[in-house]
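K.L.:
let me see the structure of the following:
(one chain, ligands or ions: 2)
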Amino acid sequence: VIEPAGDLLRERSLRRTRRRLRMIEVLRAARRPLTARELREQLGERNVDLATVYRTLERFVAASLASRVQLGDGTARYEMAGRSHHHHLVCTKCGAVESLATCQVGPLEDLALREHGFRVARHSLEFFGTCQGCNPKRP
Ligand SMILES: [Zn+2]
Ligand SMILES: [Zn+2]
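P.N.:
Ligands and ions are numbered 1, 2, ... in the order given. Presented below is the predicted three-dimensional model:
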């Protein structure tokens, strides 16, 4: 069941505006994390200040409505929060981003504890390479 975007805002005491509802729609429909600029393009509104989009996204993050994703190029990207923990596959040729369904990093966290006494609180791991469409076709 998909919760109405208006409810998501109300539950977090965020002001409900048409643009915010639209931003949630765009984030939900996105198949990969979006930059503020990409999101603005998809809003289909003219003259939306990029700084405003960015601020709203950060407000969404602060309210745990969205998550910020760093994919190694220094540009923040955003996706809806509430998805289970996952990792991204980033194509360095065409920029496509896919999500890996499961995380198998647990054993490495165990290793960190066992060999270093280090308690891992969280991790971030992204993969860079070429996607299926960009891979050379095998003859
Ligand atoms: Zn690609
Ligand atoms: Zn993980």
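K.L.:
quick one: the lowest-mean-pLDDT helix or strand in the chain near ligand 1?
P.N.:
In the chain, no helix or strand scores lower on mean pLDDT, DSSP states H and E than strand 97-100, which sits at a mean of 88. No: under the criterion of Cβ under 5 Å from the ion, ligand 1 is not reached by strand 97-100; the shortest gap measures 9.6 Å. Backbone N, C-alpha and C define where each C-beta goes, glycine included.
K.L.:
before we move on, what SS does the residue positioned nearest the centre of the chain have?
P.N.:
Nearest to the mean C-alpha position of the chain, counting by Cα atoms, centre = their mean, stands E79 at 3.1 Å. With DSSP: H, G, I helix; E, B strand; the rest coil as the basis, E79 sits in strand.
K.L.:
just to check, it is in contact with Q70?
P.N.:
No: E79 is not in contact with Q70 according to Cβ atoms under 8 Å; the separation is 11.9 Å.
K.L.:
hang on, the earlier thing: once you drop chain neighbours, what's closest to the residue nearest to the centre of the chain?
P.N.:
Computed as Cβ to Cβ, 6 or more residues apart in numbering, the closest residue to E79 that is not its neighbour in sequence is P33, at 4.3 Å.
K.L.:
tally of neighbours for that neighbour?
P.N.:
P33 has 23 neighbours, counted by other Cβ atoms under 10 Å.
K.L.:
so H88: helix, strand or coil?
P.N.:
Here H88 takes the strand state, with states given by three-state DSSP.
K.L.:
E41: neighbour count?
P.N.:
Number of residues near E41 (other Cβ under 10 Å) recorded here: 14.
K.L.:
check the gap between it and ligand 2 for me.
P.N.:
According to Cβ to the ion, to the nearest Å, E41 stands 30 Å off from ligand 2.
K.L.:
ditto for A62
P.N.:
For A62 relative to ligand 2 (Cβ to the ion), the value is 23 Å.
K.L.:
tell me the residues of the protein that contact ligand 2?
P.N.:
So the chain meets ligand 2 at 103, 105 (Cβ under 5 Å from the ion).
K.L.:
average pLDDT for the following helix or strand past the least confident helix or strand of the chain?
P.N.:
Later in the chain than strand 97-100, the nearest helix or strand by DSSP states H and E is helix 106-116. Mean pLDDT, helix 106-116: 95.
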